[in-house]
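Peer 1: just the structure for this:
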Amino acid sequence: MTSITMKIPKTNELIDAAIAEELCVEDLISLYADRVNQQLEIELPKDTDSPKTLHQAMRYSVLGGGKRIRPALVYATGEALGCNLANLDCAACAVELMHSYSLIHDDLPAMDNDDLRRGRPTCHKAFDDATAILAGDAIQALAFSILANAKITDDQRVKMIQLLAKSSGSLGMAGGQAIDLASVNKQLDESQITKMHTLKTAALIQASVLMAVVASDLNDPEIYAHFAHFSEKVGLAFQIRDDILDIQADTKTLGKPQGSDAAQNKPTYPSIVGIAHAEHSANNLLQQALEEIKDLDKRALNLRTISEYMVTRDS
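Peer 2: Residues are numbered from 1 along each chain as shown. Have a look, this model is predicted:
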């Protein structure tokens with residue numbers, strides 16, 4: 001993997017790693033969040049445009065908070081590979097929009113039936129079920145529109161669209177949610193819960209990282225493979241940590257109902273293997289992930305920092 005460092009451009013416009021060293025991880029993520037929020041504000045239809053209620057629901061759901069972990073991964077991966085920031089905005093917006101769409105639909109009465117998201121009423125509670133469904137549909141369409149119109153090469157555009165589509169469809173996020181819904185009141189084994197988490201959560205996290213690799217235009221299969229392994233392991237560890245927090249954290253901290261998985265008798269990693277084993281698995285996956293990018297230079301500091309935060313966070 002030493003070839004990665006040799007291939008990375010010596011200059012870029014991204015946040016300087018030396019500056020980032022002086023930041024706590026929350027401030028670092030906030031910097032990335034501020035950037036993607038500015039772009040999302042531009043990309044989303046104005047709430048005064050017709051149909052107003054639909055556009056209000058879209059903006060309510062997308063701009064109503066959230067850590068923006070997936071966009072942070074896009075920017076941090078691009079930074080590690082010397083990519084121009086402007087070439088990463090389209091991917092950062094697209095993955096956050098896809099994530100926001102999934103939350104709207106996951107919260108619906110026909111799915112997880114949650115009333116609270118990011119400390120506020122869920123979209124279907126703030127508006128109504130039909131508006132929430134349409135808002136999710138429109139947000140997903142907007143994600144692909146942003147990629148289709150991005151000022152990147154045709155090859156990069158096609159690859160990014162392919163990555164986002166696969167990570168969001170039946171072989172990714174939607175497939176994972178289908179398994180999740182079908183598993184209520186059932187006992188899964190560790191391999192089955194791992195598959196569900198890999199599809200439902202890790203797939204979109206992996207797409208976030210790999211779209212940034214595509215944007216870097218290094219065109220090296222070895223580099224791509226390392227980042228594919230890295231992002232899948234980080235994504236799975238992230239979801240295991242989420243399962244643990246659903247048990248340990250309170251509703252105010254989570255911004256969503258605490259214990260909702262247990263209340264619905266849904267299988268989770270801790271419910272299958274116990275909290276101690278789940279924590280060990282998450283930490284082990286993190287170390288395996290970091291091993292994949294160990295030969296990257298100081299510009300990968302932010303990516304390592306964010307990855308560690310994802311697996312050790314308390315909210």
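Peer 1: contacts, neighbours, all on C-alpha from now
Peer 2: OK.
Peer 1: which ones are touching the residue lying closest to residue 44 once chain neighbours are set aside?
Peer 2: The shortest distance from residue 44 to any non-neighbouring residue, by C-alpha to C-alpha, 6 or more residues apart in numbering, is to residue 59 (6.9 Å). For residue 59, the contact set (C-alpha atoms under 8 Å, 6 or more residues apart in numbering) comprises 44, 45, 47.
Peer 1: touching, the last one and residue 56? I think so.
Peer 2: Yes - checked against C-alpha atoms under 8 Å, the pair residue 47 and residue 56 is within contact range at 4.8 Å.
Peer 1: of those two, who's got more company?
Peer 2: Neighbour count, other C-alpha atoms under 10 Å: between residue 47 and residue 56, residue 56 has more, with 20 against 16.
Peer 1: distance of the more buried one relative to residue 131?
Peer 2: 10 Å (C-alpha to C-alpha, to the nearest Å).
Peer 1: sorry, back to before: what helix or strand is the residue nearest to residue 44 located in?
Peer 2: helix 52-62 (DSSP states H and E).
Peer 1: quick test: name the residue nearest the centre of this protein.
Peer 2: By C-alpha atoms, centre = their mean, the mean C-alpha position of the chain lies nearest to residue 70, the distance being 3.5 Å.
Peer 1: show me what contacts that one?
Peer 2: Residue 70 touches 92, 95, 96, 205, 208, counting by C-alpha under 8 Å, 6+ apart.
Peer 1: and whichever strand or helix holds the second one, what does it pack against?
Peer 2: It stands for residue 95. In the assignment (DSSP H and E), residue 95 maps to helix 89-106. Packing partners of helix 89-106 (3 or more C-alpha pairs under 8 Å, 6 or more residues apart in numbering; DSSP states H and E): helix 25-43, helix 52-62, helix 69-80, helix 129-148, helix 154-168, helix 203-216.
Peer 1: any idea of the mean pLDDT in the first one?
Peer 2: So that's helix 25-43. Helix 25-43 carries an average pLDDT of 96.
Peer 1: low-confidence regions, this structure specifically.
Peer 2: 1-22, 249-263 (pLDDT under 70).
Peer 1: swap the cut-off to 90 and go again
Peer 2: By pLDDT under 90, the weakly predicted segments of the chain are 1-24, 65, 84-86, 118-119, 184-187, 217-219, 246-267, 271, 297-299, 314-315.
Peer 1: before we move on, the earlier item: name the nearest of the contacts of residue 59 relative to residue 295.
Peer 2: Of all the contacts of residue 59, residue 295 sits closest to residue 44, with 38.6 Å by C-alpha to C-alpha.
Peer 1: against residue 106, how distant is the closest one?
Peer 2: 21 Å.
Peer 1: isn't residue 144 up against residue 94?
Peer 2: Yes - using C-alpha under 8 Å, residue 144 is in contact with residue 94, at 6.8 Å.
Peer 1: please say which of those two ends up with more neighbours.
Peer 2: residue 94 (28 against 24).
Peer 1: so where's the longest helix in this protein?
Peer 2: Secondary structure assigned by DSSP state H gives helix 221-248 as the longest helix of the chain.
Peer 1: now that one: buried residues?
Peer 2: Under the neighbour-count criterion of 16 or more other C-alpha atoms under 10 Å, helix 221-248 has 223-224, 227-247 buried.
Peer 1: next: stretch 57-74.
Peer 2: Neighbour-count burial for stretch 57-74, counted by 16+ other C-alpha under 10 Å, picks out 57-63, 68-74.
Peer 1: endpoints of that stretch, how far apart?
Peer 2: Using C-alpha to C-alpha, one end of stretch 57-74 lies 26 Å from the other.
Peer 1: for it, the distance to its chain's centre please.
Peer 2: Computed by C-alpha atoms, centre = their mean, to the nearest Å, the chain-centroid distance of stretch 57-74 equals 9 Å.
Peer 1: and the nearest residue to residue 83 once chain neighbours are set aside, how many neighbours?
Peer 2: Spatial nearest neighbour of residue 83, excluding adjacent residues (C-alpha to C-alpha, 6+ apart): residue 216 at 4.9 Å. Other residues lying near residue 216 total 22 when counted by other C-alpha under 10 Å.
Peer 1: how far away is residue 216 from residue 228?
Peer 2: Residue 216 is 15 Å from residue 228, by C-alpha to C-alpha.
Peer 1: follow-up on the earlier one: relative to residue 179, which of the contacts of residue 59 is nearest.
Peer 2: For the contacts of residue 59, the nearest to residue 179 is residue 44 (31.1 Å; C-alpha to C-alpha).
Peer 1: which of the three states applies to the closest residue to residue 188 other than its chain neighbours?
Peer 2: Closest residue to residue 188 apart from its sequence neighbours, by C-alpha to C-alpha, 6+ apart: residue 267 at 6.6 Å. Under DSSP: H, G, I helix; E, B strand; the rest coil, residue 267 falls in the coil class.
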